[in-house]
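Asker: predicted structure and sequence below. I'll ask about it afterward.
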Amino acid sequence: MMDRIISSLIDFRAFANSFLSNYEPLALLLAPLLTLFTARILQSLCLLVHDNGLKPTILGFLITSIKMVPGVKGYIDAEKQKVVEKLKEGLGAAVIEKLKQEKSNDVVWQGKCSGTVYIGGSESEGHFSLINEACSMFAHTNPLHMDVFQTIAQCEAEVVAMTAALLGSKNKSSGGEICGNMTSGGTESILLAVKSSRDYMKAKKGIKRPEMIIPESAHSAYDKAAQYFNIKLRRVPVNKNFQADVKAIRQQINKNTVLIVGSAPGFPHGIIDPIEELGELAYSYGICFHVDLCLGGFVLPFACKLGYPIPPFDFSVKGE
Ligand SMILES: Cc1ncc(COP(=O)(O)O)c(C=O)c1O
């Protein structure tokens, strides 16, 4: 059996050698290389059709081929350059004109829309123009890179320190360990406060299925936070004065509660919740308490200074 196999192999070798002797050695060398190369191109083509579809692949191939015709590429480049020149010439001014025109159809909000923009007056004068100028100086910055944008980092630190001082950081019950960061507005501030509370309570008490309790009057940012950070939201009706109902909130507290919320004042009614009582309640259960001061943070401290009877709302209130 073995002899027959060996003899067949010898016959095959003799036949192959005699057959291949009809070809040049170079042709014999190039043939497999060319076959491999063609197979590789076919494979890439199949992948291209698979990824992009047959029609776009054929179109792409046609366009690339047309561009290779002498003169076509030069023509396309010249057309592209024309567009660039047009952009340089004055598309900027045209865009600004168009924006101005469209903006003129917007609602006139100055001093007329509650909870919208908190300064009045003309957008091109006084405090507005000062703010616009300062903001435009730093419009093209990325505060993540504090080593590059040092002024922004310094501004942030100063704003945090000033805000903390305004809200009672010097008061003993603040604990003296206030920290913060700049956000894009009230909503982001609320999101970060809720996330911090959730993480803090997970570390402190190991709460893995967090819940938070908010009065019905709390801002919708808390609903967003609950969805973003996977927190069960318990919404409690306000009392007859439209304030957070402390007793009703107490009834909702359980072992998974990470946070209680109060507003000073709240978004829908402009009414201040009983912050001190809510703070005491949260403290007695060892849970976090967040006061939404988006509306009142930069008003109430000055109202206090002016002698208005404002109940405690800031870091002077005891809390976690
Ligand atoms: C009490 C209160 N909380 C939260 C917010 C949300 O702030 P922003 O619109 O800047 O996200 C507002 C906005 O008016 C507010 O009044």
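Answerer: Alright, I've got the coordinates. Numbering: from 1, shown residues only.
Asker: give the buried residues for the helix or strand hosting Ala203.
Answerer: Following DSSP states H and E, one finds Ala203 within helix 186-205. Using 16 or more other CB atoms under 10 Å as the test for burial, helix 186-205 gives Gly186, Thr187, Ser189, Ile190, Leu191, Ala193, Val194, Ser197, Arg198, Tyr200, Met201. To be clear about C-beta, it is placed using only N, CA and C from the backbone, and glycine gets the same treatment.
Asker: which ones are touching Val69?
Answerer: Residues near Val69 by CB atoms under 8 Å, 6 or more residues apart in numbering: none.
Asker: quick one, what contacts Leu233?
Answerer: Contacts of Leu233 by CB under 8 Å, 6+ apart are Glu211, Met212, Ile214, Tyr222, Asp223, Ala226.
Asker: cool, and Cys288?
Answerer: Taking CB under 8 Å, 6+ apart as the criterion, Cys288 is in contact with Ser197, Tyr200, Met201, Val258, Leu259, Ile260, Ala282, Gly319, Glu320.
Asker: could you check how far the residue lying closest to the third one once chain neighbours are set aside is from the ligand?
Answerer: To tie it back to what came earlier, the one meant is Met201. Take Met201 and drop its neighbours on the chain: the residue closest to it by CB to CB, 6 or more residues apart in numbering is Val258, 3.9 Å away. As judged by CB to the nearest ligand atom, to the nearest Å, Val258 and the ligand stand 19 Å apart.
Asker: ok, so of the buried residues of helix 186-205, who is nearest Ala161?
Answerer: Closest approach between the buried residues of helix 186-205 and Ala161, by CB to CB: Ser189, at 16.5 Å.
Asker: I figured that closest one was touching Val291, is that so?
Answerer: No: taking CB atoms under 8 Å as the definition, Ser189 is not a contact partner of Val291, at 11.1 Å.
Asker: circling back: filter the contacts of Leu233 down to the buried ones, ChimeraX style.
Answerer: In ChimeraX, a selection of the buried entries from the contacts of Leu233 looks like this (16+ other CB under 10 Å):
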select :211,212,214,222,226
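Asker: restricted to helices, list the contacts of Leu233.
Answerer: Counting by DSSP state H, the part of those found in helices is Tyr222, Asp223, Ala226.
Asker: and which of those is nearest Cys179?
Answerer: Within the set of the ones in helices among the contacts of Leu233, Tyr222 lies nearest Cys179; the separation is 21.8 Å, counting by CB to CB.
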